[in-house]
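Peer 1: The following block contains a protein sequence and its predicted model.
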Amino acid sequence: MSSSVPRRLAPLLPGAALFALLAWQLNLLCDDAYISFRYGRNLVEGHGLVFNLHGEEPVEGYTNFLWVLWIALFQGLGFEPGLPAQLSSAACGLALVLWVPVHARKRLELDPFGTAAVGLFLGSLPAFALWTTGGLATMPTALCLFGTYERLLGDPERPRPGQAGLFAALTSLLRADGLLWVGLVLAAGGVHWLRGGRGRTLGRGLLVTAAIACAVVAVHVGWRISYYGDYLPHTARVKVGLSAYRLQRGFDYLMTWWLVMPGTWLVMLASLASLRRSDASLLLPAWVVLVGAQLYAVWVGGDFMPFGRFLFSAVPFLALLFAQAWGRWARAGRAPLLLPGLPALALVLLGGLACYGVDLFPASLRSRFHFRMNNEWKSELRAVRFMRNNTRQWKRLGQALALFTEPGESIVLTGIGAIGYYSRLEVHDCYGLVSPEVAEAVEPVQEASPGHDLQVSIDFFLKQRPNLLGAFFAPVEAPRETGLPPGWFDHPVSKAVRIERHPLPPNQGFEEGQELRLMRFLPGRRPGG
């Protein structure tokens, strides 16, 4: 007994090790995570689930209700939220990189090499590595979705609908679109049930799982209506909409996913030959989830974050297709390791090298599917670095603002995460996530990055009399126009604004010779005053 446990665990270690290495390589705590952190802190401090403390009505500017509550537990214990969020997400990632190969081994009777290959394939995918440390509910959602599938369809003869329903409920509470993902798993189960004639057992399991998930969501929606006055989160009002432009952008988003993670379509192609087989009980459900996820990403117009965050929850199902392909390759010849091992090694290398900026397809091809239209084209790895640098800069800016502003003052921002969290200022959001008047007053713009379709200029908030129009860092000796928009001093608003200059203390971690410049409205001259 004691010697069999290490033998069963040994095939799982290579995938876990590769997963840890690449997660460290792509380590990213993204700015959007700080939006959830601010909601959690305000909840712990007794203000409720709100972003601004002095708004007329609370606004649901997050998409991950249960994740906000989870991180708030750590905030209530006095921890800064970044590390608990990353460690929690990493723990979910480790659970997946172990659970998926174990499930595949049981379903397909894989040998140790096959089990190790599945873990290596999953751990090598750049999307898996990146969203391990993003600080969002991305990885926990993927884990709970896979739990829904595994408990319901892991053994179709003996489904466990109670446990599947629990995982489905968690998925639905972790992300605003979680119930849609659960619907994909239920649809996969329905296809399997109809194709296999499984009778009442699986059919009853599907109904029970759906009933539990829908009941939990109904309670949550009822609470949302009573607390926020809307059955949808405000983020959905801002980000979701159907148009030809968004569909085109969603297609470009999907093509980028295929080009930077070619293992996606290579594995799907390899599995096509087995779709009609009578033993495709694992293959068909995985295909339903994968195809549904890609159609969903196109429909919503994609997401601005790197490596396909809106497709990420389908990644474990891609690993199941890989496992099925390994089993077929291994059965095809007399060399059980060499025959499947060579294509498997190629797929692992394709994924792992992409984490270091080595891509199969040239930039000239990848740039044709540019979907972040308000920025110049970047490779996905450059986009990761860009986001990482922004988060660091905005964190320092928020900390600097906290030194030279007063509680209750307000500021107009485009990036509201780390700046809003560390400054504690009231925020007027140019993209409307926490400012509902944006969605009510403007139409979606063309040539926008996903999630940024609604946007307003700083003039939009002048009637609300903000204290600060913006803030930025500049060298102490730099001219007064440094960091200001071109033609700033010719703009009418500039006549009501003074530029305050505050040298930053190097002993608090700021760069020596830098100062904070605040664009503050003059007393008595604020628009609307």
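Peer 2: Alright, I've got the coordinates.
Peer 1: Next one: residue 396 from residue 439, what distance?
Peer 2: 30 Å (CB to CB, to the nearest Å). For glycine as for every other residue, the C-beta is placed from the backbone atoms N, C-alpha and C.
Peer 1: The two: who's more crowded?
Peer 2: Higher neighbour count among residue 396 and residue 439: residue 396, with 21 against 17, using other CB atoms under 10 Å.
Peer 1: wait, that one sits on residue 508?
Peer 2: No - Residue 396 is beyond contact range of residue 508, at 9.9 Å (criterion: CB atoms under 8 Å).
Peer 1: Count the residues that sit near the closest residue to residue 430 other than its chain neighbours.
Peer 2: Sequence neighbours aside, residue 414 is the residue nearest to residue 430 in space, at 4.7 Å (criterion: CB to CB, 6 or more residues apart in numbering). Applying other CB under 10 Å, we find 13 residues neighbouring residue 414.
Peer 1: Pull the contacting residues for residue 414.
Peer 2: 429, 430, 431, 455 (CB atoms under 8 Å, 6 or more residues apart in numbering).
Peer 1: Any figure for the gap between the second one and residue 411?
Peer 2: Plainly put, residue 430 is 11 Å away from residue 411 if you go by CB to CB.
Peer 1: so how far is the top helix by length along the chain from its chain's centroid?
Peer 2: Taking DSSP state H as the criterion, the chain has its longest helix at helix 200-228. Here the centre of helix 200-228 is set off from its chain's centre by 23 Å, with CA atoms, centre = their mean, to the nearest Å.
Peer 1: Could you do stretch 483-496 as well?
Peer 2: With CA atoms, centre = their mean, you get 36 Å for stretch 483-496.
Peer 1: This protein - how does it break down into domains?
Peer 2: As assigned by automatic domain parsing, the chain contains the domains 4-30+63-369, 382-521.
Peer 1: Where does pLDDT dip in the protein?
Peer 2: Applying pLDDT under 70 to the chain flags the ranges 1-6, 196-199, 274-281, 331-340, 524-529.
Peer 1: Okay, strands next: where are they in it?
Peer 2: Taking DSSP state E, the strands of the chain run over residues 410-413, 426-429, 468-475, 497-503, 514-521.
Peer 1: list the contacts for residue 255?
Peer 2: Contacts of residue 255 (CB under 8 Å, 6+ apart): residue 369.
Peer 1: Now do it against residue 264, distance only.
Peer 2: From residue 255 over to residue 264 (counting by CB to CB), the distance is 11 Å.
Peer 1: Same check on residue 242?
Peer 2: Counting by CB to CB, the gap from residue 242 to residue 264 is 25 Å.
Peer 1: When those two are compared, which one has more neighbours?
Peer 2: A count of neighbours by other CB under 10 Å puts residue 264 above the other of residue 242 and residue 264, at 25 against 10.
Peer 1: and residue 430 and residue 411? which has more neighbours close in?
Peer 2: residue 411 (24 against 21).
Peer 1: Wait, the more buried one touches residue 472, no?
Peer 2: No - Residue 411 is beyond contact range of residue 472, at 11.7 Å (criterion: CB under 8 Å).
Peer 1: Spatially nearest residue to residue 366 (excluding sequence neighbours)?
Peer 2: residue 259 (5.1 Å).
Peer 1: Report the contact partners of residue 34.
Peer 2: Contacts for residue 34 (CB under 8 Å, 6+ apart) come out as 135, 395, 417, 418, 420, 421, 422.
Peer 1: could you redo the last one with a cut-off of 7 Å?
Peer 2: Applying CB atoms under 7 Å, 6 or more residues apart in numbering, we find residue 34 in contact with 417, 418, 420, 421.
Peer 1: What sits closest to residue 273 if chain neighbours are left out?
Peer 2: For residue 273, ignoring the flanking residues on the chain, the nearest one in space by CB to CB, 6+ apart is residue 328 at 7.5 Å.
Peer 1: Equivalent analysis for residue 347, please.
Peer 2: residue 263 (4.6 Å).
Peer 1: and the residue lying closest to residue 381 once chain neighbours are set aside, how many neighbours?
Peer 2: Spatial nearest neighbour of residue 381, chain neighbours left out: residue 357 (4.6 Å); criterion: CB to CB, 6+ apart. By the criterion of other CB under 10 Å, residue 357 has 12 neighbours.
Peer 1: you'd agree residue 301 is up against residue 450?
Peer 2: Yes - judged on CB atoms under 7 Å, residue 301 makes contact with residue 450 at a distance of 5.4 Å.
Peer 1: higher neighbour count, these two?
Peer 2: Shown here are residue 301 and residue 450; by other CB under 10 Å, residue 301 has more neighbours (28 against 24).
Peer 1: who's in contact with the more buried one?
Peer 2: Residues in contact with residue 301 (CB under 7 Å, 6+ apart) are 246, 249, 250, 450.
Peer 1: So for stretch 461-474, what gets flagged as buried?
Peer 2: Across stretch 461-474, burial judged by 16 or more other CB atoms under 10 Å covers 461, 462, 466, 467, 468, 469, 470, 471, 472, 473, 474.
Peer 1: same thing with stretch 497-513?
Peer 2: 497, 499, 504, 510.
Peer 1: before we move on, what about stretch 430-437?
Peer 2: 430, 431, 432, 433, 434, 435, 436.
Peer 1: contacting residues around it?
Peer 2: Here stretch 430-437 has contacts from 51-52, 59, 61, 234-235, 238, 412-414, 416, 427-429, 438-439, 452, 454-456, using CB under 7 Å, 6+ apart.
Peer 1: residues near residue 523, how many?
Peer 2: 8.
Peer 1: ok, now how distant is it from residue 496?
Peer 2: Taking CB to CB, one finds residue 523 at 10 Å from residue 496.
Peer 1: So what's the residue count around residue 117?
Peer 2: Count around residue 117 with other CB under 10 Å applied: 32.
Peer 1: Write the PyMOL selection for whichever of the contacts of stretch 430-437 are buried.
Peer 2: The buried residues among the contacts of stretch 430-437 can be selected in PyMOL (16+ other CB under 10 Å) with this line:
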select buried, resi 51+52+59+61+234+235+238+412+413+416+427+428+429+438+439+452+454+455+456
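Peer 1: Mind checking which of the contacts of stretch 430-437 are in helices?
Peer 2: Filtering the contacts of stretch 430-437 for helices - DSSP H - leaves 234, 235, 238, 438, 439.
Peer 1: still on that earlier bit, got CSV for the contacts of residue 301, with distance to residue 296 too?
Peer 2: Shown next, in CSV, are the contacts of residue 301 (distance: CB to CB, whole Å):
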residue, distance to residue 296
246, 12
249, 14
250, 9
450, 13
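Peer 1: Which single one of these is nearest to residue 129?
Peer 2: Residue 129 lies nearest to residue 450 out of the contacts of residue 301, by CB to CB, at 21.4 Å.
Peer 1: Which residue, other than its chain neighbours, is closest to the closest one?
Peer 2: Closest to residue 450 by CB to CB, 6+ apart is residue 302, at 4.3 Å.
Peer 1: contacting residues around that neighbour?
Peer 2: Counting by CB under 7 Å, 6+ apart, residue 302 makes contact with 249, 250, 253, 310, 371, 450.
Peer 1: Serialize those to JSON lines and add fields for distance to residue 113.
Peer 2: Formatted as JSON lines, these follow (distance: CB to CB, whole Å):
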{"residue": "249", "distance to residue 113": "41"}
{"residue": "250", "distance to residue 113": "38"}
{"residue": "253", "distance to residue 113": "35"}
{"residue": "310", "distance to residue 113": "33"}
{"residue": "371", "distance to residue 113": "38"}
{"residue": "450", "distance to residue 113": "40"}
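Peer 1: from these, which single one is nearest residue 203?
Peer 2: Of the contacts of residue 302, the one sitting nearest to residue 203 (CB to CB) turns out to be residue 310, at 30.8 Å.
Peer 1: coming back round to it: between the strands of the chain, which gets nearest to residue 109?
Peer 2: Across the strands of the chain, closest to residue 109 is strand 426-429 (CB to CB), at 53.3 Å.
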